[in-house]
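Asks: Predicted structure and sequence below. I'll ask about it afterward.
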Amino acid sequence: MTDERLKTDRRGFLKAAALGGAATVAGGPAGAQAAPAPARRATAGDAARAAAQEQAVAEAAAEEVGAGGELVSRYLIADPGSDFILDCLRSLGLEYIALNPGGSIAGLHESIINYGGNKAPELVAVTHEEVGAAMAHGYYKATGKPMAMLFYGTVGLMHSAMAVFNAYADRVPMIILAGNRLEATNRVAYPDWQHAAIDLEPLLTGSLKWYDSPTSLQALAESLTRAYRIAMTEPCGPVLISIDADLAEDSCTAQRPSLTIPPYHPPVQPVADPAGLATAAAWLTGAEYPVLVVNRATDSQAGMDNVVRLAELLGAAVINQRDRLSMPNRHPLNLTGMDPAVAAKADVFLFVGADDIWPVLNAQSRMTHLATRRAKVDAKVITLSLNDYAAGKNTQEQLRFYPADLPLDGSPERSLPGLIEAVQRALTPAARTRVAARSAQIAEDHNRLAANFRAAAALGWDASPISTARMCAELWDAIKDEDWALVSPQQFASNWPQRLWKMDRYYQFRGQNGAGGMGYSGPASLGGALGHSKLGRLPVAIQTDGELMYQPGSFWTAAHHSIPILSVMHNNQGYHQELMNLQQVANRRSRGVANTHIGTRLIKPEIDFAAMIKGLGVWTAGPISDPAALRPAIDRALQVVKAGEPALIDVRTQPR
Amino acid sequence: MLRRLLVPAVGAMLACASPALAAQAKAARPSVGDAVRGKQLYGDVGCWQCHGTVGQGGAGSRLAPSPMPIQAFAGYVRSPALEMPPYPAAILSAKDIVDIHAFLAAIPASPPPAGLKLLSPP
């Protein structure tokens, strides 16, 4: 930018400031309370005086006179570094940036809304950094695209910590930008010092795949592209880039000629070794009862189709663990829910993107810790994942070690085609005969399992509070003809959606929170809704009372940005999982459960979620305890959501 | 995690409610307990927390309708398998168990799934 333009901009700024000042005086409280002045006709003298004053203002600005002249000269800048930083973010194709405002990020904030016109990326206003990070978590799982967030130094990162750990454990990428003022003499006073750090990484230790704190704009440009690629390389994960506030706020005119933005090229994900895949194929095709345990196995419909193809080629029973829908739940080979019986039959297991191996093969008491082997002692275990590349150094999300007989390192989704080809080559006529007979038997088991689910759902059908099975059945009947996606976890509702609904698209259920960190469901569902709604899908969520109380502010964001999402509350009025845990502990000590409601139940007062969320600008209904009243409420809420707005129904439910 | 651990408990309880035991239940004498007091106890001692307010099951197994015979029921309450906490006599007397069983026995059967439109097979 030239000096001429700089001057022009300064004059424009001064003129705007003068007008703003006038408006403040006229519109301020004092002005509002003053008695109206009597009307007076303007005279020729008035016009002359006004012209003279404007001339004086213009001359003062041009000559930089006045007490603050030099200060103003330093104050006004053009071509701020944050404009260049925004160009870098745009080059990565980021669509949204979650933001809770703060001083050290104001430079980039301003560039986004003015220089960038608040488009691509667009700011998503959040009331807590944990909401922003959890939204990014849900958004990625809905779209396969990472979302960015712009957080305020030390305090913003600390607020976000739980949600970032959830994402890390769930192998979800996100781009975290955190303001920091590295030059200590530029930190004026409180709270600049408290919000700055020598190194931001320790604030999210154990939750980051990569971190950098660049000290020049060129280094920042390169780090952003590197960070994005690292985040998106499997196993995916959050990355953090410190944005130095001075770099963002100061002019970069002098550096401009030498600044370049590195292009981003998506990584080619690692594929398992062909020889290892051939060995796996030999074991699987030679098995009497092969079992596939799938979890984070797919990120696309093609990936899910490959899981189905592999299972059908092998005639293998499939168990779908909790973190991603990887196998259609009504496929005849899906025996999820019969895990112990299936595990006991297996002679070869293939775990695909599944790191929770030990509990499939063993049963263990939470209280006594006594364990019994569930699987055959000589059952072979094959793993196909990149879990060893993501093992934490301190946090223990890698779960209990199991010495797999054949650990295959590779992207599950990218490696499945090679495994399918290897299986096709290895299948003998005798093996194909076994496959056909076994598939028929598994299909019978599947049908029996589905009938058991329906019978169990009928129990307590008319109970009040409403059974979770009834609630989920009513919700399913209302959405089953839509292109829907369940964006919340389902485990606290006894997994009834997976047991009763028809799920055959990979995006219809993308799992839980990753690390068991509460506070995920509200904002992550919202992030999922943001992504799915742009793709024309109907986002639905089952929210739980205890978890929703962590971040109810996410519903303000839903209303503020008009994000359509149908939320039905499983409100059992407590931290029910913890209530059961505490009951076990108390009874183990022979002290009874009379006091276990203390600290575990959300009663006295009962929380009025409909009133609370309505106050955030969202359409609500409830509380509903009569099962017959539920469907009409769902239909009304559905109309609101189809009109592009969020809706929530508070349902008083059975514990599980 | 706990949900996974509770699944075996559900299986164990369902195993107890095998066809043979169900036949015994039908042949057993009507419960002589105080169902009203049993309902109160069912809430107070926390049975509902895992088994639902009408014994339909949840994190724990189904208890009603048609609960298992009182002998098997009492045996499981005193000495449960896996994740269900044991209820010793100091916490739950024999009469308490009888009354809770009476409450469960008094719970009417739910409609069969075949008769519910929302639960019809796909």
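Replies: In hand now; what should we look at?

Asks: Go through the helices and strands of chain B and name the one with the lowest mean pLDDT.
Replies: Least confident helix or strand of chain B, by mean pLDDT, DSSP states H and E, is helix B:2-16 with a mean of 35.

Asks: For the stretch 1-150 of chain A, which residue gets nearest to chain B?
Replies: Here the stretch 1-150 of chain A gets closest to chain B at one residue, residue A:137, 20.1 Å apart by CB to the nearest CB. Just so you know, the C-beta spots here come from the backbone N, C-alpha and C atoms, and that holds for glycine as well.

Asks: Next, the buried residues of stretch A:115-126.
Replies: Burial within stretch A:115-126, assessed by neighbour count using 16 or more other CB atoms under 10 Å in any protein chain shown, is assigned to A:115-116, A:121, A:123-124, A:126.

Asks: Regarding it, how distant is the last residue from the first?
Replies: 21 Å (CA to CA, to the nearest Å).

Asks: ok, now stretch A:507-527?
Replies: Terminal residues of stretch A:507-527 lie 14 Å apart, using CA to CA.

Asks: low-scoring stretches of chain B, by residue?
Replies: Residue ranges of chain B with pLDDT under 70: B:1-31, B:82.

Asks: tell me the centre residue of it?
Replies: Note on chain B: the residue nearest the mean C-alpha position is residue B:63, at 2.2 Å, using CA atoms, centre = their mean.

Asks: which SS state does that residue fall under?
Replies: With DSSP: H, G, I helix; E, B strand; the rest coil as the basis, residue B:63 sits in coil.

Asks: isn't it right next to residue B:55, touching?
Replies: Yes. At 3.7 Å, residue B:63 and residue B:55 qualify as touching, with contact defined as CB atoms under 8 Å.

Asks: Between these two, which contacts overlap?
Replies: Taking CB atoms under 8 Å, 6 or more residues apart in numbering or on different chains as the criterion, residue B:63 and residue B:55 both touch B:47, B:104.

Asks: Identify the residues contacting residue A:374.
Replies: A:340, A:343-344, A:360-363.

Asks: thinking again about what came up before, buried residues in the helix or strand where the residue of the stretch 1-150 of chain A closest to chain B lies?
Replies: Residue A:137 is part of helix A:129-143, with elements assigned from DSSP states H and E. When burial is assessed from 16+ other CB under 10 Å, helix A:129-143 yields the following buried residues: A:129-143.

Asks: can you list the residues that contact the helix or strand containing residue A:279?
Replies: For residue A:279, the host element (DSSP H and E) is helix A:274-285. With contacts defined as CB under 8 Å, 6+ apart, helix A:274-285 is touched by A:290, A:314, A:316, A:348, A:350, A:380, A:382, A:384, A:406, A:408, A:415, A:418-419, A:422-423, A:425-428, A:431.

Asks: How about stretch A:442-455?
Replies: Taking CB under 8 Å, 6+ apart as the rule, stretch A:442-455 contacts A:315, A:317, A:330-335, A:337-338, A:499-500, B:112-113, B:119, B:121.

Asks: Top of these by number of neighbours, please.
Replies: residue A:317 (29 neighbours; other CB atoms under 10 Å in any protein chain shown).

Asks: separation between residue A:360 and residue A:401?
Replies: Using CB to CB, to the nearest Å, we find residue A:360 at a distance of 14 Å from residue A:401.

Asks: For those two, indicate the residue with more neighbours.
Replies: Legend: neighbour count by other CB under 10 Å for residue A:360 and residue A:401, higher for residue A:360 (24 against 9).

Asks: show me the contacts for the more buried one.
Replies: A:293, A:319, A:339, A:343, A:349, A:351, A:374-375.

Asks: Work out for me the element it sits within.
Replies: helix A:358-361.

Asks: Report the distance from that helix to the chain centre.
Replies: 28 Å (CA atoms, centre = their mean, to the nearest Å).

Asks: Likewise for stretch A:623-638?
Replies: 28 Å.

Asks: That one and chain B in contact?
Replies: No. Judged by CB under 8 Å from any CB of the partner chain, stretch A:623-638 stays clear of chain B, getting no closer than 9.2 Å.

Asks: hey, where'd the helices end up in the stretch 201-350 of chain A?
Replies: In the stretch 201-350 of chain A, the helices defined using DSSP state H, counting those that start in this stretch lie at A:217-232, A:245-249, A:274-285, A:301-314, A:339-345.

Asks: ok, now chain B?
Replies: B:2-16, B:19-27, B:35-44, B:47-51, B:70-78, B:94-106 (DSSP state H).

Asks: Quick check: residue A:633 touching residue A:649?
Replies: Yes. Counting by CB under 8 Å, residue A:633 touches residue A:649, with 5.0 Å between them.

Asks: Need the residues touching each of these two.
Replies: A:621-622, A:624.

Asks: quick one, strands of the stretch 151-300 of chain A?
Replies: A:174-180, A:210-212, A:238-244, A:290-294 (DSSP state E, counting those that start in this stretch).

Asks: how about the ones you listed, which one is nearest chain B?
Replies: strand A:290-294 (12.8 Å).

Asks: So is that closest one next to chain B?
Replies: No. Shown here: strand A:290-294 not in contact with chain B (CB under 8 Å from any CB), separated by at least 12.8 Å.

Asks: between that strand and helix A:301-314, how big is the angle?
Replies: When axes from the mean of the first three to the mean of the last three CA atoms, to 10 degrees is applied, the directions of strand A:290-294 and helix A:301-314 differ by 170 degrees.

Asks: would you put the C-alpha positions of strand A:290-294 in CSV?
Replies: Once non-C-alpha atoms are left out, strand A:290-294 reads as follows in CSV (Å, rounded to 0.1, in the frame of the first residue of the first chain):
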residue,chain,number,x,y,z
PRO,A,290,-14.1,-65.1,11.2
VAL,A,291,-15.3,-61.9,12.9
LEU,A,292,-14.8,-58.3,11.8
VAL,A,293,-14.8,-55.7,14.6
VAL,A,294,-15.1,-52.3,13.0
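
Asks: Show me what it is packed up against.
Replies: For strand A:290-294, the elements it packs on are helix A:301-314, strand A:317-320, helix A:339-345, strand A:348-352, judged by 3 or more CB pairs under 8 Å, 6 or more residues apart in numbering or on different chains; DSSP states H and E.
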